[in-house]
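K.L.:
sequence and predicted model, in that order:
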Amino acid sequence: MTPFRETVLAIVAQIPEGRVTSYGAVAAMAGQPRAARGVGWILNHLPADTDLPWWRVVNRDGGLSTYKLPGGMGPLQRARLEAEGVELDEGVQVRDQRFWWEPWRSDR
DNA sequence: AGACTGACTCCAA
DNA sequence: GTTGGAGCCAGTC
């Protein structure tokens, strides 16, 4: 049994460049559709020097949840995404669903 | 040991 | 369509 945390990290690491997905989607892929909160906790506690593309994980509305955190991570996440070609609306939300990465789901 | 908290999401009323 | 409650993971009090 791979710990939930390890599974989540592995999934996030597989998100293609220039694409985003949601906490719930990651949790669902990890086998627990309701553990979005756990995913959020895990990402919030990532080491500062992690290679993990945590900026490709947003909430289910395409919004950057990092904007509610201290440390100016919000703008940082936006900059990371834009640098990969993801277009954002008002700097807080993914503009188009074509940037979405949810291989198991087609309606978003 | 029990309760509370947080980058969230789903379901029922 | 909006509101409220429940569920999940890991850490802290």
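P.N.:
Perfect, I can see it now. Because the structure is a prediction, the values reported are computed rather than measured.
K.L.:
for chain A, longest helix please?
P.N.:
For chain A, the helix with the greatest residue count under DSSP state H is helix A:73-84.
K.L.:
that helix near DNA strand B at all?
P.N.:
Yes: Helix A:73-84 is in contact with DNA strand B by CB under 7 Å from any atom of the strand, via residue A:73. C-betas here are computed from N, CA, C, even on glycine.
K.L.:
kindly report the same for stretch A:4-19.
P.N.:
No: on the criterion CB under 7 Å from any atom of the strand, stretch A:4-19 is out of touch with DNA strand B, staying 9.0 Å away.
K.L.:
list the contacts of that stretch.
P.N.:
A:2, A:21, A:26-27, A:29-32, A:35, A:38-39, A:42-43, A:51-54, A:56-57, A:84-86, A:99-101 (CB atoms under 8 Å, 6 or more residues apart in numbering).
K.L.:
beyond the longest helix of chain A, next helix or strand please.
P.N.:
Downstream of helix A:73-84, the first helix or strand assigned by DSSP states H and E is strand A:88-89.
K.L.:
name the helices or strands packed onto that following strand?
P.N.:
Packing partners of strand A:88-89 (3 or more CB pairs under 8 Å, 6 or more residues apart in numbering; DSSP states H and E): helix A:73-84.
K.L.:
what pLDDT does the residue nearest the centre of chain A get?
P.N.:
Centroid check for chain A by CA atoms, centre = their mean gives residue A:57 as the closest residue, at 0.5 Å. We have a pLDDT of 96 for residue A:57.
K.L.:
partner residues bridging it?
P.N.:
With DSSP bridges as the criterion, residue A:57 is bridged to residue A:21.
K.L.:
near DNA strand B, which residues of chain A show up?
P.N.:
When proximity is defined as CB under 7 Å from any atom of the strand, chain A approaches DNA strand B at A:22-24, A:27, A:33-34, A:36-41, A:43-44, A:46, A:54, A:57, A:59-61, A:65-66, A:68-69, A:73.
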